[in-house]
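In: Here is my input; please provide its structure:
(chains A and B)
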Amino acid sequence: MALLLRTFTRKGTCLFRPQFGSLYRHAVPMGTTANEEMNTYWAKNNKLNRPMSPHLTIYKWSLPMMMSITHRGTGVGLSGGISAFALLALVLPGNYPYYLDLIHSLSVGPALLSLAKFGIAFPVSYHTLNGIRHLFWDSGKGFKIPEVYRSGYVVIVLSILTSIAAIAYM
Amino acid sequence: MAAIVRLSSVCHRGVKPLFYRSSLLSRPLVAQQKDQDCPYPLTARIHGSSSLYAGSGSKAASLHWTGERVVSVLLLAMGPAAYYFPGPAVDYSLAAALTLHGHWGLGQVLTDYVHGEPKIKMANAGLFLLSTVTFAGLCYFNYNDVGICKAVALLWSK
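Out: Residues are numbered from 1 along each chain as shown, chains lettered A, B, ... in the order given. Below you'll find the model as predicted:
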């Protein structure tokens, strides 16, 4: 279909001059959603058993790439953690203070305790701060490459600082 | 809170995310047209312009997008709310917002990595089940136990 279109739209073919406006409107495939087109792409390529081009293994990793996948990773991790918590709440017999005391009694050292708190606080603060960065992008702001890197560094630094503050303060 | 102001401007004009306005899509291609006789970039513009989809699409996708952003902002607001006004109202709101935000977020992850009609259906069914159990568990915890706000406070006081 694309080949057909390209044949007709080559320079010199007068089929698509403005006076033939009514003709090209019907020649263009329309009405497919992005989702449908994506599914068509995958169906066709899987059916032809095409191998995938290397991408993650060959492209140079950049800060925005790493921050993006970390945003996704922390999101999935936090979501999994919340779901696990909810499931345990439904399944385990005792109540929350009981299990908290159980963990208390294991007398973990202060270093390990801080580490565990950091392990919870950092994903929360990173995902939240980077989420705000995403919302700015959604409003159309901050897309210039230097701005992307600058806001990225700000998010990383603030995430670490707020996590440390959360541990130290409480 | 520029994000909130911007989002409200989107909402007042009817739900149309700023990026999907057809004018934004056609503008960069106008310059090309002036250079050539044959308007073949016009085909590209037609394909991209939402005006020609005239009635053949639904607004579900863009409404979903806006919904995602609204829930994100609400969840952001619940942070300070949980800190300054802990209690059942915030507990249940948090349960709802967290579950929905997570459900939609994981939904995007599945859309990105799972392909093939039957696999997509299975994955989404599994996700729906997970989110339902999560919400049920959080509500159960809020009702029968100390509640989310108190739980975080207790955990951190260790």
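
In: Next one: the residue nearest to A:Thr32 when sequence neighbours are not counted from A:Ile145, what distance?
Out: Spatially, and ignoring its direct neighbours in sequence, A:Thr32 is nearest to A:Thr40 (7.8 Å; CB to CB, 6 or more residues apart in numbering or on different chains). From N, CA and C alone the C-beta is placed, and that goes for glycine too. Distance of A:Thr40 to A:Ile145, given as CB to CB, to the nearest Å: 33 Å.

In: give the contact list for B:Tyr140.
Out: A:86, A:89-90 (CB atoms under 8 Å, 6 or more residues apart in numbering or on different chains).

In: So which of those residues is the closest to chain B?
Out: Nearest to chain B among the contacts of B:Tyr140, counting by CB to the nearest CB, is A:Ala86 at 2.7 Å.

In: roughly how far apart are the residue nearest the centre of chain A and A:Leu87?
Out: Residue closest to the average C-alpha location in chain A (CA atoms, centre = their mean): A:Arg72, at 4.2 Å. When distance is defined by CB to CB, A:Arg72 is 22 Å away from A:Leu87.

In: likewise B:Ala97?
Out: 19 Å.

In: For those two, indicate the residue with more neighbours.
Out: Higher neighbour count among B:Ala97 and A:Leu87: B:Ala97, with 18 against 15, using other CB atoms under 10 Å in any protein chain shown.

In: How about the more buried one: what's its closest non-neighbour residue?
Out: B:Leu75 (4.5 Å).

In: just checking, the one you found touches B:Ala95?
Out: No. Look at B:Leu75 against B:Ala95 with CB atoms under 8 Å: they stay out of range, at 11.3 Å.

In: Compare neighbour counts for the two and give me the winner.
Out: Legend: neighbour count by other CB under 10 Å for B:Leu75 and B:Ala95, higher for B:Ala95 (23 against 19).

In: Give me the pLDDT value at A:Ile164.
Out: Looking at A:Ile164, its pLDDT stands at 95.

In: is it true that A:His71 touches A:Pro123?
Out: No. Applying CB under 8 Å as the test, A:His71 and A:Pro123 come out as separate, 10.0 Å apart.

In: For the residue of chain B found nearest chain A, pull up the helix or strand it's in.
Out: The nearest approach of chain B to chain A comes at B:Gly137, 2.7 Å away (CB to the nearest CB). Element membership of B:Gly137, judged by DSSP states H and E, is helix B:117-144.

In: what residue ranges in chain B score low on pLDDT?
Out: For chain B, the stretches flagged by pLDDT under 70 are B:1-56.

In: where exactly do the helices run in it?
Out: Taking DSSP state H to define them, one finds helices in chain B at B:2-12, B:22-35, B:41-48, B:60-84, B:88-113, B:117-144, B:148-157.

In: could these go into JSON lines alongside distance to A:Gly152?
Out: As requested, the helices of chain B are exported to JSON lines (distance: least, CB to CB, whole Å):
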{"stretch": "helix B:2-12", "distance to A:Gly152": "17"}
{"stretch": "helix B:22-35", "distance to A:Gly152": "25"}
{"stretch": "helix B:41-48", "distance to A:Gly152": "30"}
{"stretch": "helix B:60-84", "distance to A:Gly152": "19"}
{"stretch": "helix B:88-113", "distance to A:Gly152": "20"}
{"stretch": "helix B:117-144", "distance to A:Gly152": "29"}
{"stretch": "helix B:148-157", "distance to A:Gly152": "28"}
